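S.K.: coordinates only, sequence not included:
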């Protein structure tokens, strides 16, 4: 559990990783070392918020995990999911878990670049961005 803003914020970040998570993934996500996170982990274990399994740390109660994860504002939660989804493969994590986080992140963080003249709109085949007030051509048969 770790973020410079304290144990509650760290617990929220851990909750975003999922009900079960590895200390290594938390450390990478937060730019910390596992050793620096140990005091918070020990406090969470002592408070019966987390339980240790051979492979991971797990929130003891699903309700607590959900409350922590959902207390993170949605845009921040999506950004964390995106970051986790990008970090996991780099750390040798399961691709399926990375994909789950990327799906939870929703659409990409940066919008599609503006087309000529700064317009944004759907790309029409062979025409570039649609102009406001224009319609797509009828489908070819």
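M.R.: Received it, and whenever you're ready, just let me know what you need. If you're wondering where the values come from, they're calculated on a predicted model, not measured in any experiment.

S.K.: so which residue is smack in the middle of the chain?
M.R.: What sits nearest the mean C-alpha location of the chain, by CA atoms, centre = their mean, is residue 81, with 0.8 Å.

S.K.: quick check: chain neighbours aside, which residue is closest to residue 71?
M.R.: In space, and not counting its chain neighbours, residue 71 is closest to residue 12: 5.9 Å by CB to CB, 6 or more residues apart in numbering. Every C-beta, even on glycine, is put in place using the N, C-alpha and C of the backbone.

S.K.: that neighbour: what's it in contact with?
M.R.: 68, 69, 71, 72 (CB atoms under 8 Å, 6 or more residues apart in numbering).

S.K.: what do you get if the cut-off is 7 Å, keeping everything else the same?
M.R.: 68, 71, 72 (CB atoms under 7 Å, 6 or more residues apart in numbering).

S.K.: one step back: ok, the residue nearest to the centre of the chain to residue 47 distance?
M.R.: Per CB to CB, to the nearest Å, residue 81 is found 26 Å from residue 47.

S.K.: no further questions, thank you.
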